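> Curious how this folds, go ahead:
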Amino acid sequence: MDRPPAVLLPGLVCDAEVWKDQAERFRASSTIQILQYGNSDSIADMASTVLERAPEKFALAGHSLGGRIALQVVRRAPERVLGLALIDTGFEARPGGEAGEHELASRRRYVEIARSQGMRAMAREWLNDIIHPSRLSDAALTGAIIEMAARKTPEVFTAQIHALEERPDATQVLPSIRCPTLVLCGRQDGLSASERQRQMAAVIPGSKFVVIENCGHMAPMERPEETTSAMAEWFETVARSAQATGSAKARS
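Prediction:
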């Protein structure tokens with residue numbers, strides 16, 4: 001079965017490395033684009049970049065920050081998105097009050113480390129929040145994440161943090177989604193709680209929710225086999241849906 005082109009959106013200070021295993025699997029049967037956001041400092045601008053560079057119609061997967069961008073893409077051009085995969089992400093705006101202030105303080109601490117000590121130092125500290133504790137001694141995984149972050153500058157990191165701090169609320173987008181949708185997360189995701197992601201999936205009509213055990217925020221890298229397997233099943237569903245839609249239009 002022919003599969004539609006797919007666009008994969010990396011998360012905060014991530015690049016193609018975060019999608020390495022999934023892209024290798026899907027490139028055998030589809031055209032894959034892994035997009036970057038340049039120096040954009042807003043979700044809206046990042047979504048504009050995606051819409052400018054993506055094919056006319058495509059399957060869309062976003063990890064973390066990329067998932068929030070994906071929701072903005074769906075908000076603006078739902079007719080172009082054939083399928084949606086949201087990985088370790090969220091949908092709500094930054095909360096007000098003490099919770100919001102705590103989030104700001106945490107994010108800005110990482111910005112200060114990046115500016116004063118460099119991106120590798122920031123990433124080494126960040127690892128404690130983003131991967132399962134049992135993987136902190138996994139040199140291959142931690143090294144890949146640190147080097148990935150080091151390929152970004154503190155300026156790009158600051159811009160992406162600003163985008164997250166000012167992120168739009170996508171609550172009203174969720175019930176409007178009509179394409180095959182996968183919501184996947186690590187059980188121990190320390191940044192986007194798995195329970196909130198379960199609640200997100202519950203509002204998206206017909207979506208599938210997958211939790212990966214013993215996994216933190218970096219599911220595509222922490223548990224690539226399980227993530228790729230779930231995404232492959234989703235991609236098959238997207239292809240069947242697109243084919244059925246195309247056949248129905250041809251008959252009309």
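
> Would you map the strands across this structure?
Under the criterion DSSP state E, strands of the chain are mapped to 6-9, 32-34, 58-63, 81-87, 181-186, 208-212.

> quick check: mean pLDDT across the second one?
Averaged across strand 32-34, pLDDT comes to 97.

> ok, residues contacting it?
With Cβ atoms under 8 Å, 6 or more residues apart in numbering as the test, strand 32-34 has contacts from 5-10, 15-16, 19, 23, 26, 53-55, 58. In this view, the C-beta of every residue, glycine as well, is placed from N, C-alpha and C.

> Report the buried members of those.
Buried members of these, scored by 16 or more other Cβ atoms under 10 Å, are 5-10, 15-16, 19, 23, 26, 54, 58.

> now those in a markdown table, with pLDDT and distance to Arg151?
As requested, the buried ones among the contacts of strand 32-34 are arranged in a markdown table below (pLDDT from 0 to 100; distance: Cβ to Cβ, whole Å):
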| residue | pLDDT | distance to Arg151 |
| --- | --- | --- |
| Pro5 | 97 | 25 |
| Ala6 | 97 | 23 |
| Val7 | 98 | 20 |
| Leu8 | 98 | 17 |
| Leu9 | 98 | 16 |
| Pro10 | 98 | 11 |
| Asp15 | 97 | 6 |
| Ala16 | 98 | 10 |
| Trp19 | 98 | 14 |
| Ala23 | 96 | 17 |
| Phe26 | 94 | 23 |
| Ala54 | 97 | 23 |
| Phe58 | 98 | 25 |
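
> Going by distance to Ala150, which of those residues wins?
Distance to Ala150, by Cβ to Cβ, is smallest for Asp15 among those, at 10.6 Å.

> Now Pro5: closest residue in space that isn't a chain neighbour?
Once flanking residues are discounted, Pro5 sits nearest to Thr31: 4.2 Å by Cβ to Cβ, 6 or more residues apart in numbering.

> is it true that that neighbour touches Ala6?
Yes - in this structure, Thr31 is within contact of Ala6 by Cβ atoms under 8 Å, at 7.4 Å.

> For the residue nearest to Pro5, give me its contacts.
Here Thr31 is in contact with Pro5, Ala6, Pro55 (Cβ under 8 Å, 6+ apart).
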